[in-house]
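A.B. asks: here's a sequence, model it:
(chains A, B and C)
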Amino acid sequence: MTDTLAPTRPPAVELAGITKRFPGVVANHDVEVTVAPGTVHAIVGENGAGKSTLMKILYGMQRPDKGSIRINGEVADFRTPADAIAAGIGMVHQHFMLADNFTVLENIILGAEPAKAGRLDRKAARARITALSGAHGLRVDPDRLVEDLGVGDRQRVEILKVLYRGARILILDEPTAVLVPQEVEELFGNLRELVAEGLTVIFISHKLDEVLRVADAITVIRRGTTVASVTPGEVTAGRLAELMIGSELPTPETRESTVTDTVLLKVSGLTLDQPDRRRLLDDVSFEIHRGEIVGLAGVEGNGQSELIEAIMGIRHATGAITLDGVDMGGWPTRRRREAGIGYIPEDRHRQGLLLEASLWENRVLGHQTVRPARKGIWIDRKAAREDTARIAEKYDVRAPGVDTLALALSGGNQQKLIVGREMSGEPKLLIAAHPTRGVDIGAQAVIWDHLRDARAAGLAVLLISADLEELIGLSDTLHVILRGRLVARLDPGDLTPERLGSHMTGAAAEPDEAGAS
Amino acid sequence: MLRIRFGKPALGALAGALLLAISACGGGGGGGGDAANTGASGSGAATSDLKVGLAFDIGGRGDKSFNDSAYAGLMRAKDELKAEVKDLSPVGDGSNRGELLRRLAGAGFNPIIGVGFAYAGDVETVAKEYPDVQFAIVDAPSSGPNVTGLTFAEHEGSYLAGVAAALKSKSGHLGFVGGVESDLIRKFEAGFVKGAKDTKPDIKIDSKYLTPDGDFKGFKAPDKGKTAAEKMFEDGADIVYHAAGDSGLGVFQAAAAAGAGKWAIGVDSDQAQTVKDAALQKIIMTSMIKRVDNGVFEFVKSAQGGAKGGKTISYDLKLEGVGLATTGDHISDVQDKVDEAKKKIISGEIKVPDKP
Amino acid sequence: MIGAALRRTLITAAGVVVAVLIAFAVSSIAIRVAGADPFAAIAAMFDFGVRPIDQVDSVTYWINRSVALFIAGLAVAVGFRMNLFNIGVEGQYRMAALVSAFVGGQVLLPAPIHLTVIIVVAMAAGGLYALVPALLKVYRGVNEVISTIMLNFVAIGLAAYLVRGPFSGRREAGRLATATPELPPSGHFPDANFLITMFGLPAPRGAGLYGFIGVALVAGLVIWLLLERTRFGFEVKASGMNSDAAVASGVDPRRMVISAMVLSGMVAGLIGLPEIMGRNHNYGTSFTAGLGFLGIAVALLGRNKPVGIALAALLFGFLDRAGTPLQFDGIPPAVVEIIQGTIVLMVVIVNEVTRRIVLRWEERRAAARLGEVPAGAAA
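C.D. replies: Numbering: from 1, shown residues only, chains lettered A, B, ... in the order given. Alright, predicted model coming up:
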């Protein structure tokens, strides 16, 4: 709507009056976005505000019911992503879509292979990729296997892949969600270079600090429609948050310490070998007291998953794990759960839900051997339903009813259901992996409140999160895990996300802070 | 995207419904086709009161062998005795054999023939329910006053096949492929081996059954028959005898593929005539004919004449119930020896075992 | 407003009906190609005979056939519920039938005990035979599809050997069929002809209406309770829907594989019993084979739910019976197999379509209620 730059060229993207209805629900209405060429344009909004639908419309995956799309001044009518690609639009998805056992080069050309007389022309492809990465400062070795690459490198491959197909307008969907702060800086550097080359970047995010740092213009979406178009100079993060949700940003700060002297969970010498490779877990030892939240920081894939699965008894590792002084060594998962361990898995769709089952059946999941779900050999359907309704009420799970299928819920509501379920039955220990991932800001505050209350009541929590502010804010103690080892024990009281980030990548190895207890 | 996915099945449904409508219209206008079809069953050709029902076993019509031989007998009854005939096949697992007999009897068919020993129990039961109807069972003995058993001395016929094969073989190595390792098929093997060994004591015979007893797939698996026979030819056999129903086709294919000088011996019908492929006809040295057609026809004829059951007729060499086919004249040079063996069996000089 | 669960069931049921109708439409082309009139053919399928006794016989055959198909479908469904493809139902029921027929023929007991012994032996034999692939899967990682197919061959061969050798009974002179010793009368399951005669109809001939239908119905009810109402059933369902989530929820996957497989085998053990206890009174070469494979189709069609399986079994039984009147009208009985095959194919397709419809509908309903975009639509 607001033209922040006097256009000498027509806008790269102009969305006017876009409305998209799904039966019974309006996903987008009257959306107005104007993206000037050669800029980084951020689109911000809460989860569920309609950002994804809007991007799917722009990328040709869905067609709007009303409104028009203009690309470089020309009216566009995309029926498939192929149309959008032909118009020079490229999408970098939040979840990378790369084949692990292919090289970088192969991944980039996959689906757009240059052929010479019917044969794959690797030479031409290599020349083009080298040229592209040189021109845009996207350093990556074309011959490495993708499985050996880090997250930041993979993202560069995704961007190169899109550029390789001739994209001049790049859509990046939550690109920083998987990156540590250092990698975020690198990404932003790359984006600036792309823009300098005359490309246009549409950047979708809900991390307001980042948006303010990198964007030239910002469009805010709330409840399916655009509510403001601003420039970073005009607003503060707080003002932006208000525009997004109409209220203040909650913080994950914990209040006074509730840590007691009683050790609830003691992990010592936990080791998990894998044949011919480095150890997944290497002599991991730590303690969690009643009323304490212990945070575990680390770049994904450094042993966090293995550690929590070992504590849950899903994986078998050597070493000792005691709960309340009792050795859990030989216990199966069921017994650990019955002993009072709650589990919020890192991937709720994989480990936390039966998507095609009703909400009340999902309430039973993991608690099928204890009341209220169980009555002798039977499942107590009535009690399970009632308790599901209670959770929905207490944790603000928005669903039409307890018979709704879990997959019909938005990600945030699914997560709230899981948190509510795992907090039921007064657990002694909660293993919470990314408890607020994909949850909107309002729900995030609800979950944090529940965690804090339970902590005050004596709950011990092992917290894993990619959100460093959440980790620092909630934890009483922080451990950093790197390549299966606990490499640092930090006090969250005087820690910045940047310093934590450098520990996570192994860049900072100050001896005074290193060494697990 | 979902809309596209739904589109295809929905389109398919529409197409299906349209086709139904089209075919229905066709059905209304084109009665001629139907008449041709039912005419084959003979309802229109009946000029006598004789209504003959015949129930096949699994595999049914079209095996170019045992069942088709029974069908030939039925057709002969239709032509010569002006009978109305009806033949039925059971469901794939043969669980409704009794139902077929009952249905035929209920529709007024008399006499009724059950083809195959698997009908033994059902013929016995249904014959009691319909004491006025004459039943026959092929390959099993009589089981009631209105049941005629039609059995065949397959071991005697196979003995002659063994004699001919031993005399014709250049490599001194024969093969036998049985469909299902049941006692019935073992009779074929027993006679064949005895005939060959009596003729050439040092002859080598490979035997292979396609499926074990109780698994009737062996009668309907030409691919298995082919594999088994191929192995025998590779190992040096030059003549392979089969008693494997439909699977025999595979044996013929293997013989044709094995090259010159390799032969197969057919079974039940004169397969050099019933097999359609001319290339396969050429490699069928002879067939051990089991005159089920004669058995069926004679039974119908005597039932028409008012004969009652209660007895078992054994079609052996003496009654010409079994024998060797001469189509192609491939065994004319050894016919003397074969006839000699035949005489000895009839006279009782040679006793052919019915178990290997 | 009808409940979400009920509405899902209705959509699913409608999908199956559509599949059956499409299958008939497609089959009518085949009938047409075979040179017959599709409508005449469909009419012939409903021809149960003229006299009451013929009609009673036809219906009895239909029901009897359905009883065996129902049990077979049930056995397969138990495994399907947790994504275990027990192709071995075929071998399991054959072994169970043979062993129970043999054991039943060796003992002489009061009828109720005798019947119970045969049933228990059959279930034990079926369960034990299913235990083999379960153990192979759990301890050696052998895919159950492969191992059960192999074990089917073993069962066929072993049964053929046993029935001719150690387990064979006295054979009547001249008969070529081999069989186990005849069950004494106390081992004959009484027929249920009273269910027909009480309506003033003549009693069916032959073996009559299998009394085993009662056992089948009880088995259906027990399986339903077990799968839908118990903790065990919940764990089976959870394992089938999302094995990772089940493991994380404290379900022991090994124990589940073994118990589901053995339960499937135990139900499979019942498949041959109506025939053995109600008609043949022995296990012989003419024992009905192939029901285990038909059970797969029935379970698919019935969507692994006992009520659905019962309906599917009745449909397949009806079609099997229809083969006879079709032949009287000069239509090749292969038409029946075409219809059955098409139905299964259509059901697989339509099942997937209705599943998507149901899921979409759920998402929209939830979204409509809450005014937000569901996670599924964004994925």
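A.B. asks: tally of neighbours for residue B:276?
C.D. replies: Residues contacting residue B:276 under the criterion other Cβ atoms under 10 Å in any protein chain shown number 9. For the C-beta atoms, the positions are set from N, CA and C on the backbone; glycine is no exception.
A.B. asks: now residue B:72
C.D. replies: The local packing of residue B:72 (other Cβ under 10 Å) involves 18 other residues.
A.B. asks: please identify which helix or strand holds it.
C.D. replies: Secondary structure assignment for residue B:72, by DSSP states H and E: helix B:66-80.
A.B. asks: counting contacts, what elements does that helix pack onto?
C.D. replies: Where contact means 3 or more Cβ pairs under 8 Å, 6 or more residues apart in numbering or on different chains; DSSP states H and E, helix B:66-80 is packed against strand B:51-55, strand B:84-88, strand B:263-268, strand B:284-290, helix B:292-304.
A.B. asks: and if we set it to 6 Å?
C.D. replies: Under the contact criterion of 3 or more Cβ pairs under 6 Å, 6 or more residues apart in numbering or on different chains; DSSP states H and E, helix B:66-80 touches helix B:292-304.
A.B. asks: and the helix it packs on with strand B:51-55, angle?
C.D. replies: With axes from the mean of the first three to the mean of the last three Cα atoms, to 10 degrees defining the directions, helix B:292-304 sits at 140 degrees from strand B:51-55.
A.B. asks: got the phi/psi numbers for the nearest residue to residue A:373 once chain neighbours are set aside?
C.D. replies: Distances taken as Cβ to Cβ, 6 or more residues apart in numbering or on different chains put residue A:364 closest to residue A:373, at 4.2 Å, once the chain neighbours are dropped. Here is the backbone geometry of residue A:364 (degrees, to the nearest 10): phi -70, psi -30.
A.B. asks: any idea how far residue B:343 is from chain C?
C.D. replies: As for residue B:343, its distance to chain C is 26 Å (criterion: Cβ to the nearest Cβ, to the nearest Å).
A.B. asks: sorry, wrong one. I was asking about residue B:124.
C.D. replies: 10 Å.
A.B. asks: I'd like to know how many residues surround that residue.
C.D. replies: In terms of burial, residue B:124 registers 19 neighbours under the definition other Cβ under 10 Å.
A.B. asks: and it, what does it touch?
C.D. replies: Residue B:124 makes contact with residue B:143, according to Cβ atoms under 6 Å, 6 or more residues apart in numbering or on different chains.
A.B. asks: starting at the chain centroid, how far to stretch B:278-294?
C.D. replies: 11 Å (Cα atoms, centre = their mean, to the nearest Å).
A.B. asks: is chain C contacted by it?
C.D. replies: No - if you take Cβ under 6 Å from any Cβ of the partner chain as the test, stretch B:278-294 misses chain C, and the best it gets is 13.7 Å.
A.B. asks: residues of that stretch that come out buried?
C.D. replies: By neighbour count on 16 or more other Cβ atoms under 10 Å in any protein chain shown, the buried set for stretch B:278-294 is B:280-281, B:283-294.
A.B. asks: can you list the low-confidence ranges for the stretch 51-200 of chain C?
C.D. replies: Scanning the stretch 51-200 of chain C for pLDDT under 70 picks out C:171-177.
A.B. asks: from residue A:9, how far off is the nearest residue to residue A:100 once chain neighbours are set aside?
C.D. replies: Closest residue to residue A:100 apart from its sequence neighbours, by Cβ to Cβ, 6+ apart: residue A:147 at 4.0 Å. When distance is defined by Cβ to Cβ, to the nearest Å, residue A:147 is 41 Å away from residue A:9.
A.B. asks: just the helices in the stretch 51-200 of chain A please.
C.D. replies: Ranges of helices within the stretch 51-200 of chain A are A:51-58, A:81-86, A:104-109, A:122-136, A:151-164, A:181-196, based on DSSP state H, counting those that start in this stretch.
A.B. asks: count of neighbours near the closest residue to chain C within the stretch 301-450 of chain A?
C.D. replies: Proximity of the stretch 301-450 of chain A to chain C (Cβ to the nearest Cβ) peaks at residue A:334, 3.2 Å away. Residues near residue A:334, counting by other Cβ under 10 Å, number 19.
A.B. asks: and what of residue A:336?
C.D. replies: Neighbours of residue A:336 (other Cβ under 10 Å): 21.
A.B. asks: over to the one 4 residues further on?
C.D. replies: For residue A:340, the count of nearby residues is 18 (other Cβ under 10 Å).
A.B. asks: would you agree it is in contact with residue A:430?
C.D. replies: No - counting by Cβ atoms under 6 Å, residue A:430 is not a contact partner of residue A:340; they are 9.4 Å apart.
A.B. asks: quick check: angle from the helix or strand hosting residue B:192 to strand B:263-268?
C.D. replies: Assigned by DSSP H and E, residue B:192 belongs to helix B:183-199. Going by the same axes, to 10 degrees, helix B:183-199 is angled at 140 degrees with respect to strand B:263-268.
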